[in-house]
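In: sequence plus the predicted model coming up.
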Amino acid sequence: EVLQPGAMWFGWSGRIAHATSAAPYLVESRGVTYATLDLTKRDYENFYVGFANSALWPLFHFRPVLMKFRREEYAGYLSVNRMMAGALARILEPGDIVWVHDYHLIPFARFLREAGVKNRIGFFLHIPFPPPTLIATLPAAKELLSDLCAYDLVGFQTAEHARDFRDGGARLLGGMIEGETMKVGGRRTRVFANPIGIDAAPFEREAIRAAQSSETVRLQKSLQGRALAIGVDRLDYSKGLPNRFEGYARMLARHGEHLGKVSFLQIAARSREDVTAYRDLGRELDRLVGDINGRFSEFDWTPLRYITRAAPRRQLGGFYRIARVGVVTPLHDGMNLVAKEYVAAQNPLDPGVLVLSRFAGAADELTEALLVNPYDPDEIADALHAALTMKLEERRRRHAALRTSVFTTTASAYASRFLAALEGRAHPEDFAFVDDYLRRAATREARAASSRRGEAVGLLRRPRRQS
Ligand code: GDG
């Protein structure tokens, strides 16, 4: 049995056009076919800005107060899913397997099934999944839960999210749970946890190289011997930036020995600026950063350096590597790859300390980080102080454990595990082409940091096997 080379990445092009594309544009690159469709302004507003990012995103990040549900936006979300599924159904061949990614495309399998598709279809949710009482506040809750049951396999970042989904299915749809399987109507769906990871070894190599780059050297010089704390996030209310900054200010106020001795660099790439809540957050942070710098700065020291532009990806590894503290304090996060990148970038002989929110999926695996409740700025302050004063021996011990985990649950381990489960195999095999997909997805994410439209919305088509 031989795997044909190549796979397909299918999704929104990230472009707005006067008319929705009739058929996907096809581009071939290094064995992967990219099939993309343009959306109209209206589709973009209802599907992307509206239902996906103003209803699902806040609710799934445990912020029902920010959820804005409008029937016409949900209708637009369904119609984009139907249109995209129809376009894929026309080019799908028997034996292809389909892997759908993320909250933008929950009803995708229902529409594929309606178009007569019998292939195996899997879904992976990159963000958290809310418990039953919370999902029940969404007017479309039952429909979305039952749409997820149209998949053969549904993957979540953590066991807790998988359990909350099964509980929701049982309580809202009357589904039957048998181990990892949920039965609704006549259909069986396997529901499992499959934590995502990074390409750890290449990331580490890149960080070692980047640490010698002129940008990292400039950053190092500018510190004048001070310790660096770093945060890298999309400017998103799920990332907990206001509490993080308040925690830092409380640490400076309480532990005077750090005054003038630490610099916090926060890169917060602007994101989704068409959504009101993101613009509001931007203004809140501008004020907070001004308050903190006004209050603590000296004429030769600025405690908080704040950048709302995306940093080039090749710089990040070097910046992580010279940072004594990596600060990752989302209020809720599916996984959080920045936490894993920070760990992979450290020098094992003199590693920095990771301060990590308990409510990032990464906290399940990265238990040797300094775990904090991100809703408590004082706890963040204590952890920052502990990180800045931690002895080398303890830093090394914690980092060694974190490193093992980051180098075990890698991107390719994640992809192989998902595909093996989708095909019902006991053992993951070599899905080399998936690595390429993930690298591309990562590039898309990197681009997304600078452009609000490049986010990964897509699915993978696996080529037919030949015997
Ligand atoms: C979603 C889920 C889940 C960030 N700023 C810049 C930049 N980045 C890169 C990081 C990292 C990626 O973007 C961010 O990934 P995260 O996982 O931290 O967060 P989300 O974007 O919210 O991703 C999340 C993830 O999907 C995967 O399943 O872990 O929970 O929310 O790679 O390095 N890259 C560049 N400049 C920046 O300024 N180049």
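Out: Looks like it came in fine. Numbering: from 1, shown residues only.
In: near the ligand, which residues of the chain?
Out: Within reach of the ligand by Cβ under 6 Å from any ligand atom, the chain has these residues: 126-127, 196, 232, 234, 267, 269, 310-313, 316, 333-338, 341, 445-446, 449. Bear in mind the C-beta positions are built from the backbone N, C-alpha and C, glycine included.
In: any of these buried? List them.
Out: Buried by 16 or more other Cβ atoms under 10 Å: 126-127, 196, 232, 234, 267, 269, 310-311, 316, 333-338, 341, 446, 449, out of the residues of the chain next to the ligand.
In: and what about the residue of the stretch 1-150 of the chain found nearest the ligand, helix, strand or coil?
Out: The ligand sits closest to His126 of the stretch 1-150 of the chain, with a gap of 3.5 Å, by Cβ to the nearest ligand atom. Under DSSP: H, G, I helix; E, B strand; the rest coil, the three-state class of His126 is coil.
In: so Val154 makes contact with Ala193?
Out: No: with contact defined as Cβ atoms under 8 Å, Val154 does not count as touching Ala193 (10.4 Å).
In: of the two, which one has the most company?
Out: Neighbour count, other Cβ atoms under 10 Å: between Val154 and Ala193, Val154 has more, with 27 against 16.
In: mind checking what secondary structure the more buried one has?
Out: Val154 - assigned by three-state DSSP - is strand.
In: between Val154 and Ala193, what contacts are shared?
Out: Residues touching both Val154 and Ala193 by Cβ atoms under 8 Å, 6 or more residues apart in numbering: Ala162.
In: so where's this structure shaky on pLDDT?
Out: Within the chain, the segments meeting pLDDT under 70 span 1-6, 29-32, 425-467.
In: if you set the cut-off to 90 instead, what comes out?
Out: For the chain, the stretches with pLDDT under 90 are 1-17, 19-39, 90-102, 185-186, 199, 269-275, 310-314, 411-420, 422-467.
In: quick one: furthest residue from the center of it?
Out: The C-alpha centroid of the chain is most remote from Phe299, which lies 38.4 Å away (Cα atoms, centre = their mean).
In: excluding its backbone neighbours, what's nearest Tyr74?
Out: With sequence-adjacent residues excluded and distances taken as Cβ to Cβ, 6 or more residues apart in numbering, Tyr74 is closest to Phe51, at 5.1 Å.
In: show me what contacts the one you found?
Out: Phe69, Arg70, Glu73, Tyr74, Gly76, Tyr77.
In: so which of these wins on neighbours?
Out: Busiest of these [other Cβ under 10 Å] is Tyr77, holding 26 neighbours.
In: can I assume it is in contact with Asn53?
Out: No: using Cβ under 8 Å, Tyr77 is not in contact with Asn53, being 10.4 Å away.
In: buried ones in the helix or strand harbouring Arg417?
Out: Using DSSP states H and E, Arg417 sits in helix 411-422. Residues Ala411, Ser412, Ala413, Tyr414, Ala415, Ser416, Arg417, Phe418, Leu419, Ala421, Leu422 are the ones in helix 411-422 that count as buried (16+ other Cβ under 10 Å).
In: over to the residue nearest to Tyr74: give its phi and psi.
Out: phi -60, psi -50 (degrees, to the nearest 10).
In: measure it to Arg272 for me?
Out: 13 Å (Cβ to Cβ, to the nearest Å).
In: let me know how buried Glu423 is, in neighbour terms.
Out: By other Cβ under 10 Å, 16 other residues sit near Glu423.
In: oh, that last question was meant for Tyr25, not what I typed.
Out: Neighbour number of Tyr25 under other Cβ under 10 Å is 12.
In: contacts only, for it.
Out: With Cβ under 8 Å, 6+ apart, Tyr25 has these contacts: Ser13, Tyr34, Ala35, Thr36, Leu37.
In: just flag the most distant two among the residues you listed.
Out: Tyr34 and Leu37 (11.1 Å; Cβ to Cβ).
In: how about the strands of the stretch 101-250 of the chain, start to end?
Out: 120-124, 153-156, 176-178, 181-184, 187-193, 227-234 (DSSP state E, counting those that start in this stretch).
In: and for the stretch 251-400 of the chain?
Out: With DSSP E, counting those that start in this stretch as the criterion, the stretch 251-400 of the chain has strands spanning 262-269, 304-307, 325-328, 353-357, 370-372.
In: just the C-alphas of stretch 257-270, formatted as CSV.
Out: Extracted in CSV, the C-alpha atoms of stretch 257-270 (Å, rounded to 0.1, in the frame of the first residue of the first chain):
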residue,chain,number,x,y,z
GLU,A,257,14.1,45.4,44.4
HIS,A,258,12.9,44.8,40.8
LEU,A,259,12.4,48.6,40.1
GLY,A,260,14.9,49.4,37.3
LYS,A,261,16.0,45.8,37.1
VAL,A,262,13.4,44.2,34.8
SER,A,263,11.9,45.1,31.5
PHE,A,264,8.6,43.5,30.3
LEU,A,265,8.3,43.3,26.5
GLN,A,266,4.8,42.6,25.4
ILE,A,267,4.2,41.9,21.7
ALA,A,268,0.4,42.1,21.1
ALA,A,269,-0.3,41.9,17.4
ARG,A,270,-3.5,43.6,16.5
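In: list the buried residues for that stretch?
Out: In stretch 257-270, counting by 16+ other Cβ under 10 Å, buried: His258, Gly260, Val262, Ser263, Phe264, Leu265, Gln266, Ile267, Ala268, Ala269, Arg270.
In: in this structure the first one contacts Ala386, no?
Out: Just to be clear, that refers to His258. No: the pair His258 / Ala386 is not scored as a contact, 11.9 Å apart, by Cβ under 8 Å.
In: hey, where'd the helices end up in the stretch 101-250 of the chain?
Out: Assignment of helices within the stretch 101-250 of the chain using DSSP state H, counting those that start in this stretch yields the ranges 108-114, 132-135, 141-148, 159-173, 200-210, 214-223, 241-254.
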